[in-house]
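Visitor: what follows is a predicted protein model with its sequence.
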Amino acid sequence: MKKLTKQHYLGSLFNVRISGNLSLVLGTPLFTYAYFQDPLSALIGSIFAVFIVFLHEWGHAMVAKKLGCRQIEIEMGLFNSHMKAYSTPANFELISFGGVLAQLLLLIVYFVTTRALQISIPLGDSMFMWFNVVLLITNALPIKPLDGHQMLQFISRKVGQYRDQHSKH
């Protein structure tokens, strides 16, 4: 089991270190094959799934970079992908918005592009975007350790600060 979850360095993109493990490489095709029962669809589905998860983590990384965080790393795994950065708790709450916003942006670009060009991407509507929507909604849930929990903490803190400032007057 340790060999499946050991992170392997894959490269660096804009000074963000990226690593992955065998559980992602082996597990994703097995899950997509179980769903589609077709090797080609499973391969395409695996690529879509890994891309969406990477995009989510990349969204976190870009917000972290914008906030001045250093030593940013994305670790990809089958059930545990995450972005690591050295940051303050307040920045960490802001960083949590990055993944969900990246997925939302992908959803908007996908629908605008496919509708404007009147094209249909094979497997696109049936899996690519639905996987994105499910992952987006799941990550937005205000349950620890999901992004929604950190997002809710940030919003609650800001609402509290706003109340404090305006209740004094």
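Guide: Yes, it's here. Numbering: from 1, shown residues only.

Visitor: drop to CA atoms for contacts and neighbour counts, all remaining ones
Guide: Fine.

Visitor: could you pull out the strands for the chain?
Guide: Listed in chain order, the strands found in the chain under DSSP state E are 8-13, 16-20, 70-76, 82-86.

Visitor: by contact count, what packs against the second one?
Guide: This points to strand 16-20. In this structure, strand 16-20 makes packing contacts with strand 8-13, strand 70-76, judged by 3 or more C-alpha pairs under 8 Å, 6 or more residues apart in numbering; DSSP states H and E.

Visitor: could you report the pLDDT at the most centrally placed residue in the chain?
Guide: Here the mean C-alpha position of the chain is nearest to the C-alpha of His56 (C-alpha atoms, centre = their mean), at a distance of 2.0 Å. With respect to pLDDT, His56 has a value of 95.

Visitor: tell me how far Met129 lies from Lys2.
Guide: Distance from Met129 to Lys2, counting by C-alpha to C-alpha, to the nearest Å: 32 Å.

Visitor: between the two, tell me which one has more neighbours.
Guide: Just comparing Met129 and Lys2: by other C-alpha atoms under 10 Å the higher neighbour count belongs to Met129, 20 against 9.

Visitor: isn't the more buried one up against Ile108?
Guide: No. Taking C-alpha atoms under 8 Å as the definition, Met129 is not a contact partner of Ile108, at 10.2 Å.
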